[in-house]
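> Structure, please.
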Amino acid sequence: MPWYNPKLDNYIESVLDKLNIKSGTFLDLGTGPATQAKQLKDKGFEVTGVDVSEEAISLAKQTYPGIEFTRDDILQTNLSKQFDFIFDRGCFHVIDADKRKIYCKNVFNLLNDPGLLFLKCFSDKMPDNRVFPHPISEKIIKDIFEQNFIIEDIVETEFKNDKNLINVKGLFVIMKKTFKNVSINKHTDITNQ
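Prediction:
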């Protein structure tokens, strides 16, 4: 993919550093080539990588044998354990609008309390001549997640490859699990702390 990057996504790395998060369990949702899972493992996290593609999981297991990988569909997840953190760098924006609440419920259930969801998705601010699956707006993020998560920050960003040759607009969102059916309107800009 043109946004393949062997390095840890710069936004997740920045947030982990700013919040002094150095350990815990991470779910790499939609792990694909597993580069993010590998980088998180190298930083000291216990990582599980999941993807709907059996081929991606098979390749990830061969490439990074020290990490747990399993085939899983977040819309019909079979995962039974919970995680301190979930990183989704490209899964949410391929989910059809009518299934997004299922995604939210399943991610909520997979997070420890409290737990953090780091979400990076395609932005609706992409030029009209680009064809990408389901670009996401800040309004969509709030409509889907605000009832079960405190949205700490939404930052406009880009997907970049290892050569910084692409310009795919994105959103990076930091959310904290909260009690079900509690609406929180307070937002804290974590990335500027």
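> make it CA atoms for all contacts and neighbour counts henceforth
Noted.
> For T191, report the pLDDT, please.
Looking at T191, its pLDDT reads 38.
> What of D72?
pLDDT at D72 comes out at 97.
> Now the lowest-mean-pLDDT helix or strand in the chain: buried residues?
Here the helix or strand of the chain ranked lowest by mean pLDDT, DSSP states H and E is strand 149-159, holding a mean of 87. Of the residues in strand 149-159, F149, I150, I151, E152, D153, I154, T157, E158, F159 count as buried by neighbour count, 16 or more other Cα atoms under 10 Å.
> Next: stretch 61-71.
Under the neighbour-count criterion of 16+ other Cα under 10 Å, stretch 61-71 has K61, Y64, I67, E68, F69, T70, R71 buried.
> Against Q36, how distant is the residue nearest the centre of the chain?
In the chain, the centroid-proximal residue (Cα atoms, centre = their mean) is D88; its distance is 1.6 Å. Distance, D88 to Q36, using Cα to Cα, to the nearest Å: 10 Å.
> Ok, Y11 next?
For Y11, the distance to Q36 - Cα to Cα - is 12 Å.
> Could you check which of those two is surrounded by more residues?
The residue with more neighbours, out of Y11 and Q36, is Q36; 25 against 17, by other Cα atoms under 10 Å.
> Could you confirm that one falls within a strand?
No: checked against DSSP: H, G, I helix; E, B strand; the rest coil, Q36 lies outside a strand; its state is helix.
> What score does it have for pLDDT?
94.
> List the residues that contact it.
Counting by Cα atoms under 8 Å, 6 or more residues apart in numbering, Q36 makes contact with P6, K7, L8, D9, D28.
> Can you tell me which of the residues you listed is nearest M126?
Set against M126, the nearest of the contacts of Q36 by Cα to Cα is D9 (19.6 Å).
> Phi first, then psi, for the closest one.
The phi/psi pair for D9 (degrees, to the nearest 10) reads phi -50, psi 130.
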